[in-house]
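Novice: What follows is a predicted protein model with its sequence.
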Amino acid sequence: MADAASRLRSLAEQLLGAPLPLRVRAWDGSQDGPPDAPALVVRNRRALRRMLFKPGELGLARAWVAGDLGVEGDLYTTLDVMASLVWERGEDARGLREAVRDPAVRAAARDLLKLAGPPFPPAPPREEVRRPRRRLHTRRSDKRAISHHYDVGNDFYEIVLGPSMVYSCAYWEDGGTLETAQRDKLELISAKLGLTAGQRLLDVGCGWGSMAIHAAREHGVSVVGVTLSQEQAVYARKRVADEGLTDRVEIRVQDYRDVMDGPYDAISSIGMAEHVGAERYLEYARQLYDLLKPGGRLLNHQIARRPQRDETAYSVDAFIDAYVFPDGELAPVGTTVTQLERAGFEVRDVEAIREHYARTLRRWVANLEADWDRAVRLTSPGRARVWQLYMAACALAFERNRIGVNQVLAIRTPGPGASGLPLRTRAWTA
C-alpha cells in the first residue's frame, strides 16, 4: 500500500513534538494531512537522503534547490508554518537532541532510512557555494562572494527588480508602485544627505547605478560609484551613457578600501554593509569617515538582526550563506550605531523601515513567478528556486519582526560642533 506520506508526516510530528498543519504528498502518490492546507511535496527518495545526511536547514535547502522538495499551495503560508515550528522554537523541551533519545522516534528514523533508499549522500546542487576554509572578508574573498550573488546575469535581475534596477528596500506609500517606491527611496536618501548641485557623492556598493544616476540627474552632483561586480559595472556604465551623464558619473570596479580620492561631501551605502562582516566593520566605518569632508554626511542603509543573549553564539544562516550571500553577516542596529560612533561619526537619525522591505520582497517574488520560465532559461531551475525561497522567507522575516532594516544618518561633525542639520529634520503625522 502506498503510505510514504503518512510515514513521513508521523516522523515529522514526533521530531517536532507538535501536529504538522500541512499536507504531505509523496512520490508514491500518497497524501496525508489537512486537505485544505498547503502541501509539502516530497518528489523522490533523494529528498529524504538530503535531509538525513544534512539534517536541518541546509538539507531542506538542498532538497528545495535541487527540485526534490516543493510546495503545493501558498508558499508564504508554508514557510510561516515551518518557521513557527522549527526556526523560532530553538532547542526547547521537544528539541531534536531530546527527540532522538525517544525509542519511538529512533525506530521511526530507522524506518525513514529504509524508505530513503541507498545510504549515500547526494551531491549538493551546483548552485551551492563551494569554498575552502579561509579568512573572511579579504579583498579576494569579498570579490568572490559578490560575484556569486550579483554576477547571475543582468537580464535575470531585470525580471526580479523591474525597470528601476534597485536591489534594496523601496519606500512605499499606499497605492504606490514598485517603481515609484524605489524612486521615493532614492529621493529620501538624497534629502537626508542634503545633496545640492556641485557636490561630490560616493556611492559604495553602487549596484546597477540607480542611486548614482538619480543623484546626478535630479540634484546635479558628481558621483563616483564603486562595485565589485563586473557585470553590474558594465550595466551601470551603459545606463549612465544612455542618460547623458558620463561627465558627472564614474562607475568603478573597486573595493571600498581602495578608494583614496576624497574628500566627498556625502556617501551613500545602500544594502552594502551586510557584506562587510563584523571583523571589518570598524575598518569600513573609519574608511568612510576619512573619505568625508568635515560636515559631510553618510547614509548607511542596512539590514539588521535582533540581538542575542549570547552574541558569541551568532552564526550565519546556513541557506543564505551557501546559496545567496556567501560570508554575509547581520548585526543588531545598536552595534552598527556603536561602530559608526567609534569611527568618529555623530549619529543623528535612525529610521526603521522593515515593513517597506517586506512589501518590496513580495513584489520581487511576484515579478519572478510571473516570468518564471524565462528566469529559468536565463539562469537555471535551481537558481530561480534559490531566489524564490530566499525572497519569500525574508519577506516573512521582516513582517514578523525577526529582522529589520534601518537608514542611519551620520555626520563627520566639525570640531566646533555645528552639524549643519536643521533643528527639525522630520515631519511626523498623527
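Specialist: Looks like it came in fine. Keep in mind it's a predicted model, so treat the numbers as computed, not measured.
Novice: Let me know the secondary structure of residue 426.
Specialist: Put simply, residue 426 is coil when judged by DSSP: H, G, I helix; E, B strand; the rest coil.
Novice: Against residue 201, how distant is it?
Specialist: As for residue 426, its distance to residue 201 is 22 Å (criterion: Cβ to Cβ, to the nearest Å). From N, CA and C alone the C-beta is placed, and that goes for glycine too.
Novice: Tell me which helix or strand residue 347 sits in.
Specialist: strand 346-352 (DSSP states H and E).
Novice: how far out from the middle of the chain is that strand?
Specialist: From the chain centre to the centre of strand 346-352 is a distance of 22 Å (Cα atoms, centre = their mean, to the nearest Å).
Novice: which other residues reach it?
Specialist: By Cβ atoms under 8 Å, 6 or more residues apart in numbering, the surrounding residues in contact with strand 346-352 are 192, 333, 337, 340-341, 404-413, 419, 421, 425-426.
Novice: what about this structure, any weak spots by pLDDT?
Specialist: Scanning the chain for pLDDT under 70 picks out 1-2, 86-101, 105, 108, 131-137, 139-151, 429-430.
Novice: 90 instead?
Specialist: Within the chain, the ranges that satisfy pLDDT under 90 run 1-4, 7-19, 51-60, 81-121, 127, 129-153, 175, 277, 310-328, 424-430.
Novice: Just confirm residue 171 contacts residue 353, I think it does.
Specialist: Yes: using Cβ atoms under 8 Å, residue 171 is in contact with residue 353, at 6.8 Å.
Novice: Overlap of the contact sets of those two?
Specialist: In contact with both residue 171 and residue 353: no residue, using Cβ under 8 Å, 6+ apart.
Novice: Of all the residues in the strand holding residue 347, which ones are buried?
Specialist: 347-348, 350 (16 or more other Cβ atoms under 10 Å).
Novice: swap in stretch 218-229?
Specialist: Of all the residues in stretch 218-229, those buried under the rule 16+ other Cβ under 10 Å are 219, 221-229.
Novice: Going by distance to residue 25, which of the residues you listed wins?
Specialist: residue 229 (39.7 Å; Cβ to Cβ).
Novice: and the biggest helix by length in the chain, what does it pack onto?
Specialist: The residue-count maximum for a helix in the chain (DSSP state H) belongs to helix 381-399. Helices and strands touching helix 381-399, by 3 or more Cβ pairs under 8 Å, 6 or more residues apart in numbering; DSSP states H and E, are helix 57-66, helix 75-82, helix 154-161, helix 354-370, helix 372-378, strand 403-411.
Novice: Does the top strand by length along the chain pack against any helices or strands, and if so which?
Specialist: The single longest strand within the chain, with elements called by DSSP state E, is strand 292-305. Other helices and strands packing on strand 292-305, by 3+ Cβ pairs under 8 Å, 6+ apart, are helix 178-193, strand 264-270, helix 333-342, strand 403-411.
Novice: For the nearest residue to residue 291 once chain neighbours are set aside, which three-state class applies?
Specialist: The shortest distance from residue 291 to any non-neighbouring residue, by Cβ to Cβ, 6 or more residues apart in numbering, is to residue 262 (3.8 Å). Per three-state DSSP, the secondary structure class of residue 262 is coil.
Novice: Any idea how many residues pack against residue 262?
Specialist: Neighbours of residue 262 under the rule other Cβ atoms under 10 Å: 18.
Novice: Count the residues that sit near the nearest residue to residue 265 once chain neighbours are set aside.
Specialist: Using Cβ to Cβ, 6+ apart and skipping residues adjacent in sequence, the residue nearest residue 265 is residue 199, 3.9 Å away. Number of residues near residue 199 (other Cβ under 10 Å) recorded here: 19.
Novice: between whatever helix or strand residue 283 lives in and strand 264-270, what angle do the directions make?
Specialist: For residue 283, the host element (DSSP H and E) is helix 281-291. Using axes from the mean of the first three to the mean of the last three Cα atoms, to 10 degrees, one finds that helix 281-291 and strand 264-270 are set 150 degrees apart in direction.
Novice: elements contacting helix 281-291?
Specialist: Applying 3+ Cβ pairs under 8 Å, 6+ apart, one finds that helix 281-291 makes contact with strand 200-204, strand 264-270, helix 333-342.
Novice: Now do the SS call for the nearest residue to residue 357 once chain neighbours are set aside.
Specialist: Among residues not flanking residue 357 along the chain, residue 169 sits closest, at 3.9 Å (Cβ to Cβ, 6+ apart). Recorded secondary structure, residue 169: coil (three-state DSSP).
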